[in-house]
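[1] sequence first, then the predicted structure, then my questions.
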Amino acid sequence: MQPVMEFFLDDVVQLRKSHPCGSDQWLVVRLGADIGLKCCKCQRRILLPRSTLERRIKKFISRGPGHTSSMDAAAGNK
Ligand SMILES: [Zn+2]
């Protein structure tokens, strides 16, 4: 079983490629088949397919409140 990467509103993620503005940190602002991200520096919004985002993500900077309820699932994933 592949672990499923979950995203929640207000998560802040770091991507492998930085935005032209220089920031590589994005705030999750929309969930769905496509994930809405807002650049933390220039506030520009983009939409990425979930599969594309999973490949581009480098790490989570911080997790939104929605993540707390699924901490149990991630506990064995250190
Ligand atoms: Zn930007």
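    The structure has been received and is ready for your questions. Numbering: from 1, shown residues only.

[2] bridged to the most centrally placed residue in the chain, which residues?
    Taking CA atoms, centre = their mean, the centroid of the chain lies closest to Val13, which sits 4.4 Å from it. Beta-bridge pairing for Val13 (DSSP bridges): Trp26, Phe60.

[3] repeat for Arg30
    With DSSP bridges as the criterion, Arg30 is bridged to Gly36.

[4] doesn't Arg50 make contact with it?
    No. If you go by CB atoms under 8 Å, Arg30 and Arg50 don't touch, sitting 11.3 Å apart. Where C-beta positions appear, they are placed from N, C-alpha and C, glycine not excepted.

[5] for the residue nearest to the centre of the chain, list the residues it contacts.
    Contacts of Val13 were listed using CB atoms under 8 Å, 6 or more residues apart in numbering, and they are 7, 25-26, 28, 37, 53, 57-61.

[6] what sits against Ile35?
    Neighbour list for Ile35: 7, 28, 47-50, 53 [criterion: CB under 8 Å, 6+ apart].

[7] longest helix of the chain?
    Counting by DSSP state H, the longest helix found in the chain is helix 50-56.

[8] filter the contacts of Val13 down to the buried ones.
    Among the contacts of Val13, the ones that count as buried by 16 or more other CB atoms under 10 Å are 7, 25-26, 28, 37, 53, 57, 60.
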